[in-house]
Structure formats: C-alpha cells, structure tokens
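**Student:** kindly generate the corresponding structure for this input.
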Amino acid sequence: RRLNRRPAVTLLDVFQEHARRRPRWPLLRFQDEVYTYEDMERRSNRAARLLARHLGLQPGQTVAVFLPNEPTYVWTWLALAKLGCLMACLNCNVRGRALQHALAAARATLVLASPGERLPSRVGWGVGGMKFGVLRGPWVLP
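**Tutor:** Modelled structure (predicted):
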C-alpha cells in the first residue's frame, strides 16, 4: 500500500517519522559511537543549512559524494535529500579514468569529498566535525 501512495513515501519520510516518534532510539553504530535518530536529524539539518548557505544548493541539483563509509555519509545523504538534491554516490576507492567516467556520467554540479582526497580545486569547510572538499566542474582530473 505504501508504494501506491501519491505522493510516494520516501526513505527520507520514513526516517523523519522515526526521528519524530523515537528520537532517542539508536540508528547507527560506528566503531565505539552510537548515533540516535535525533543525532542524525540534528546533524543532517545542520549540514543542509550549511550546504544551502555556503554552496547555494538548489532542489534538482546533482551532487557527487566521494566519502568513505562513515556516519558523515549518512547525514550528508539526508541533508541532500532534505534540500531536494540528487546524490551521485561515488566509490571512494575509485581513481583515475574510472573516477573521471563516474563524475562525467553523474553530471554533478559539485563534489563533496573527505579531506585528503586528490581532487582539483578543493575548498575546505566543516560540517559535524568532518571537513568536506568542495569541487566545482568541469571534471578534468590529473
């Protein structure tokens, strides 16, 4: 029945419903840390505000995400969903021509990457303790 609803119920809708009903329930365990729904809601809201304010992200824009499998990835995804942005998920282990192809295929207007990634024109700023490198096209990598 949920699949037939109009408008469709999204994963963001489900997350926000859980965050409203059970804010203190654990959502994610990473190493020795536990993140509740409330933690992820707060961090994703902060990230969404910063992404919109500092980068001018608008609904419908595609953002390539080049982050490792860490909690930052989850709240970044939620933040982009809240802004109405499309997210192109890039494998953070890919390099060279494969990465070039992925960026070109995504047609992203910018890339969010973790510190230390070898990508051109990096600008750093912080969200929730993690720094992102922000890149703008065209995507010509060394």
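
**Student:** so where is this structure shaky, pLDDT-wise?
**Tutor:** 1-3, 115-142 (pLDDT under 70).

**Student:** strands along this structure, start to end?
**Tutor:** Under the criterion DSSP state E, the chain contains strands at 26-30, 33-36, 62-66, 86-89, 110-113, 123-127, 130-136.

**Student:** tell me the buried residues in the third one?
**Tutor:** Looking back up the chat, that one is strand 62-66. 63, 64, 65, 66 (16 or more other CB atoms under 10 Å). Every residue, glycine included, has its C-beta placed from N, CA and C.

**Student:** turn those residues into JSON lines, including distance to residue 51.
**Tutor:** Formatted as JSON lines, the buried residues of strand 62-66 follow (distance: CB to CB, whole Å):
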{"residue": "63", "distance to residue 51": "8"}
{"residue": "64", "distance to residue 51": "13"}
{"residue": "65", "distance to residue 51": "11"}
{"residue": "66", "distance to residue 51": "15"}
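
**Student:** for residue 61, see how far away residue 84 is.
**Tutor:** 8 Å (CB to CB, to the nearest Å).

**Student:** more neighbours: the two, which one.
**Tutor:** Set residue 84 next to residue 61 and count neighbours by other CB atoms under 10 Å: residue 61 wins out with 17 against 12.

**Student:** and the gap between the more buried one and residue 35?
**Tutor:** 26 Å.

**Student:** just the CA coordinates of stretch 103-118, formatted as CSV?
**Tutor:** Presented in CSV, the C-alpha positions along stretch 103-118 are these (Å, rounded to 0.1, in the frame of the first residue of the first chain):
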residue,chain,number,x,y,z
LEU,A,103,32.0,12.2,-12.5
ALA,A,104,31.2,12.8,-16.1
ALA,A,105,28.2,10.4,-16.1
ALA,A,106,26.8,11.9,-12.9
ARG,A,107,26.8,15.4,-14.4
ALA,A,108,27.2,16.7,-10.9
THR,A,109,27.5,20.5,-10.3
LEU,A,110,29.9,19.8,-7.4
VAL,A,111,31.6,17.0,-5.4
LEU,A,112,31.7,16.6,-1.7
ALA,A,113,34.8,14.7,-0.7
SER,A,114,36.6,13.9,2.6
PRO,A,115,39.9,15.6,3.4
GLY,A,116,43.0,14.3,1.7
GLU,A,117,41.3,13.1,-1.5
ARG,A,118,43.3,14.1,-4.5
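
**Student:** all good on my end, thank you.
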